[in-house]
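Chemist: I'd like to go over a predicted model; first the sequence, then the structure.
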Amino acid sequence: MNTFVVKYGSWVMTLAVVIMIIDGGFFSRAPLVIIGQVAGIFLMISGRVSFGKGQFRVTADPAGGGVIRRGPYRLIRHPIYTGAILLIWVSILGHLTILNAIIGMIVLATILYRISLEENLLRQHYPDYAEYAARTRKIIPFVY
């Protein structure tokens, strides 16, 4: 697995949010932006809470316990990443600048690449992951 993306992918996303906060392109008074940001945060938290004790890892190393199919994992395979994408892109659309768009593309590319790496690892570690992946969408319920 690409160790750079695994080790530093979370830092890329964190740095993107910090840059947007400093640049003034993260917080908004627009109700739709706020609703989207809250929804993204809720999705990330509910995805994290769905893990059992000792199962969650920041890196993609499976911790045992099987494939998670509860909470938002019933509809999408990567709710934490989906929440992060929603949070970032709603914020960007609320304050669209070239810098924010570039940051959003970097974050999206990092997340999509990390998802592909993690899915390969999960397929190797959990024999039933292929069946789960065949009936559950990756990021957008019922679509992708």
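Modeler: Cool, got the structure.

Chemist: quick check, pLDDT for the nearest residue to residue 9 once chain neighbours are set aside.
Modeler: Distance criterion CB to CB, 6 or more residues apart in numbering; nearest residue to residue 9, sequence neighbours excluded, is residue 114 at 4.7 Å. Yep, even glycine has a C-beta here, placed from its N, CA and C like the rest. pLDDT, residue 114: 89.

Chemist: lowest-confidence helix or strand of this protein?
Modeler: In the chain, no helix or strand scores lower on mean pLDDT, DSSP states H and E than helix 3-23, which sits at a mean of 77.

Chemist: rewinding a little: just to be sure, the residue nearest to residue 9 is in a helix?
Modeler: Yes - judged by DSSP: H, G, I helix; E, B strand; the rest coil, residue 114 forms part of a helix.

Chemist: run a quick neighbour tally on it.
Modeler: Using other CB atoms under 10 Å, residue 114 has 22 other residues around it.

Chemist: convert the least confident helix or strand of the chain to PDB, retaining C-alpha atoms only.
Modeler: Output of helix 3-23 as PDB, limited to C-alpha atoms (Å, rounded to 0.1, in the frame of the first residue of the first chain):
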ATOM      1  CA  THR A   3       2.600   4.500   2.700                       C
ATOM      2  CA  PHE A   4       2.700   8.200   1.900                       C
ATOM      3  CA  VAL A   5      -1.100   8.400   1.300                       C
ATOM      4  CA  VAL A   6      -1.800   6.100   4.300                       C
ATOM      5  CA  LYS A   7       0.400   8.000   6.700                       C
ATOM      6  CA  TYR A   8      -0.200  11.500   5.500                       C
ATOM      7  CA  GLY A   9      -3.700  11.500   3.800                       C
ATOM      8  CA  SER A  10      -5.400  12.500   7.100                       C
ATOM      9  CA  TRP A  11      -2.900  15.400   7.400                       C
ATOM     10  CA  VAL A  12      -3.600  16.600   3.900                       C
ATOM     11  CA  MET A  13      -7.300  16.800   4.800                       C
ATOM     12  CA  THR A  14      -6.600  18.500   8.100                       C
ATOM     13  CA  LEU A  15      -4.200  21.000   6.500                       C
ATOM     14  CA  ALA A  16      -6.800  21.800   3.800                       C
ATOM     15  CA  VAL A  17      -9.400  22.700   6.500                       C
ATOM     16  CA  VAL A  18      -6.800  24.800   8.400                       C
ATOM     17  CA  ILE A  19      -5.900  26.700   5.200                       C
ATOM     18  CA  MET A  20      -9.500  27.400   4.400                       C
ATOM     19  CA  ILE A  21     -10.200  28.600   8.000                       C
ATOM     20  CA  ILE A  22      -7.200  30.900   7.900                       C
ATOM     21  CA  ASP A  23      -8.100  32.100   4.400                       C
END
